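Engineer: Compute the structure for the input listed below.
(2 chains)
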Amino acid sequence: MRDIFIVAKFTAWETFKKKSFKITFIILLLFIILAFNIPNIVNLIKNKTDKDDFNETILVIDEDDLFDGKLETLNEMKLGYNFEISHKFKDDSSLKEMLLNDEIEAAIHITEDQSGIILNYITESIGLAGNILVDGNIFTELYKVVRLEKLGLTDEEIIKINTPINFEVTELGDGESGGILAIAMAFSIVLFFAIYYYAYQVSSSITVEKTSKIMDTLVTSTSPKSIVVGKTLGIGFVGLTQVFAIILTSFISYKLFFPTDILTGIIDISNINPIFIIVTVIYFILGYTFYAFIYALTGSLVSKPEDVQQAGSLIAVFVLIGFYLAYFSMMNPASTFNTLATILPISSPFSVPARYITGAVSTIDLVLSIIILIVSIMLVAYIAIKIYSSASFNYGTKVNFKTMVEMFKQKNN
Amino acid sequence: MILKFNNVSKTYTNKKVVDNISFEINKPCIFGFLGTNGAGKTTSIRMLLGIIKKDAGEITLNGKPITRNNTNFGYMPEERGLYPRITIYNQLMYFSELRGISKKDADTSIKYWLNKLNMMEYINTEAEKLSKGNQQKIQFILAVINNPDLIVLDEPFSGLDPVNTEMLKNIILELVEKDKYIIMSSHGMNQIEEFCSDILILDKGKSVLQGNLKEIKDSYEVKEVEITVNENIDKYLNELKLKDYTNIDNNYIIKINSQEEGFKIFNLLVKNKIEIIKFELKKPSLNDIFIERVGK
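Structural biologist: Prediction:
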């Protein structure tokens, strides 16, 4: 136990001290702060643009007053432009001159024929993006009001006609999923990346020891069990610290900078309760440990740094299968995949916390899933430590499944 | 302290890499562990240090099986390795702690050994910035940092310059004086001859020769005589019908069949008043013995 702690402390401390680690971590935290400030930045730019754009004019020519003077309301709508209403015809050359002299940004010529009202949007060029400054639907809605008034309807009747129908959804399952699905998905993705990233670090750490030929010195100083478990704990501690720092930074940034109204109707933060956080942390730890032991095994099998990725790619396939299983179970809560995603240790770390927040996982399922994951961790750890003991001295022979089985059977201390 | 290897064997994938080896070290000394590449030296050492389990036999220290927990040993492996981007102090401290030394004692020991090997200036240097020879000196410190009773040194001198080789030789001899049991594996037969009282030669996992080095050498007949004279003595050698010899600047190496034959040459030269500068009856060197035993 003492050796496990020494290995864990050394692994964690040396990781924290790495310059590359410090720099990437600081950049990550800055990126999170920036991400939470994106709405503010967008607003800042928009406000600036709005201010500037209010000085720009769009000329609306309604010679026959087809809109019954209602076009003046365009300026009340604060669409970002100053609408100049004219009832006098202007030919193309005079409009072109106004456009070239920047007197106007665009012009809208309103006419009527047998098919109805025609809006002719006149601009210098709409460019590749087809940029049109005004939404034609605004004029359609405005003209609808003009027509309804002509039919003798009161303002109240007109408002009633224009009020959209409310479309509501009622879920009769154990929990609500709609409002929190986005959070569930986000957590699932974060867990996937965190677990994958940190578990992979275990593999890298072991390969560094193998390629730097320090294995012999190491295994004569402590047992393979202490090395594998210590490394897993050490990097896990780094991971937990980083994840905690990321969550804390996100929370503070959210509270300080993020305009909460922007999420109304999209994400319901109130569903993130302490139990959900505990479940998430438990699954992060267990999921990380499960994959860390698998990666410890692959790390011990390779002798050259360039082989790490190749050896890890097979495991990456399992991680991805696990993640997609979790993803599909979230997208389709009624699917039979859900039971599989909850039980299988390759997918439960990504699936269960996310589904738990939506109320789709019962307590029995949760406990069963944790038990299966713990048993799987113990099994994987046993195999990983057994093979590590033999594989760590293999400096050249390519390892295949057969040699892995032989390594597993070998007697080692 | 008695270290015993008793009928120890190890098989990997139907191949017996160590086959029924037995030997004993019962006093502080340097024991030479020899063999060609792949002879089973490293596997034997790993079994001795408890890194891998033996399939048969017993390895005991004072009658008890050797384990990581009950034996204070040090190991300098053939595969040299250090953490490339970690400072010398930090990695020495890490391994000291793993071997159960307190931080305070480890700090004292680290500084003692770094000073002794003229490495103090590198205490806070990352290992990858050290020369190969200096990295090897750190490896040696790793083997002795915990003041072990049993030290296994696998090719301790390879890659060292003559000055550092001499320094390390003296330190190893000091360790024997401090009652340490040292097992040294080397391909450098001169060093083994210089250092080791007892040897064991392995070939394809089997012990082909073992025992006290002097006794082994004494058991061999004189095979050559080296004579340095001031003039050409070819005619005298022809007189004695000796044809298998070399002559470089009147320094003769002559193959003989017995010690008596050597004395015959000596007497003939004296009789003919030839001035003899050097006369040495030569037994086969360890190198000759090694080649004879495993070079077939």
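
Engineer: nearest residue to residue 259 other than its sequence neighbours?
Structural biologist: You didn't pick a chain, so chain A it is. Counting by CB to CB, 6 or more residues apart in numbering or on different chains, A:Pro259 lies nearest to A:Pro39, which is 5.2 Å off, once chain neighbours are set aside. For the C-beta atoms, the positions are set from N, CA and C on the backbone; glycine is no exception.

Engineer: please go with chain B instead
Structural biologist: Per CB to CB, 6+ apart, closest to B:Gln259 is B:Val222, 4.6 Å.

Engineer: What of A:Asp62?
Structural biologist: The spatial neighbour of A:Asp62 that comes closest, neighbours along the chain excluded (CB to CB, 6+ apart), is A:Ile110 at 4.5 Å.

Engineer: follow-up on the earlier one: secondary structure element for the residue nearest to A:Pro259?
Structural biologist: Applying DSSP states H and E as the criterion places A:Pro39 in helix A:19-53.

Engineer: Check which residues of that helix are buried.
Structural biologist: A:Phe25, A:Leu29, A:Ile32, A:Phe36, A:Pro39 (16 or more other CB atoms under 10 Å in any protein chain shown).

Engineer: Just put those residues in JSON lines and tack on distance to B:Val163 and pLDDT.
Structural biologist: JSON lines is the format used below for those (distance: CB to CB, whole Å; pLDDT from 0 to 100):
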{"residue": "A:Phe25", "distance to B:Val163": "45", "pLDDT": "89"}
{"residue": "A:Leu29", "distance to B:Val163": "51", "pLDDT": "90"}
{"residue": "A:Ile32", "distance to B:Val163": "56", "pLDDT": "88"}
{"residue": "A:Phe36", "distance to B:Val163": "62", "pLDDT": "84"}
{"residue": "A:Pro39", "distance to B:Val163": "69", "pLDDT": "80"}
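
Engineer: How is B:Gln191 assigned, secondary-structure-wise?
Structural biologist: helix (DSSP: H, G, I helix; E, B strand; the rest coil).

Engineer: who touches it in this structure?
Structural biologist: Contacts for B:Gln191 were tallied using CB atoms under 8 Å, 6 or more residues apart in numbering or on different chains; they are B:Phe157, B:Lys169, B:Met184.

Engineer: Would it be right to say that the second one lies in a strand?
Structural biologist: No - counting by three-state DSSP, B:Lys169 falls outside a strand, being helix.

Engineer: isn't it right next to B:Ser186, touching?
Structural biologist: No - in this structure, B:Lys169 is not within contact of B:Ser186 by CB atoms under 8 Å, at 11.8 Å.

Engineer: Between these two, which contacts overlap?
Structural biologist: B:Phe157.

Engineer: count of residues packed around the residue nearest to A:Asp62?
Structural biologist: A:Ile110 has 20 neighbouring residues, counting by other CB atoms under 10 Å in any protein chain shown.

Engineer: so B:Asn20, which of the three states?
Structural biologist: With three-state DSSP as the criterion, B:Asn20 reads strand.

Engineer: Adjacent strands (with direction) for the strand or helix carrying B:Val152?
Structural biologist: Counting by DSSP H and E, the element that carries B:Val152 is strand B:150-154. Strand B:150-154 has the following strand partners under DSSP bridges: strand B:73-76 (parallel), strand B:181-185 (parallel).

Engineer: Show me the contact partners of it.
Structural biologist: Contacts to strand B:150-154, defined as CB under 8 Å, 6+ apart, come from residues B:3, B:41-42, B:45, B:48-49, B:61, B:71-78, B:140, B:143-144, B:172, B:175, B:180-185.

Engineer: Tell me which of B:Lys169 and B:Ser186 has more neighbours.
Structural biologist: B:Ser186 (21 against 16).
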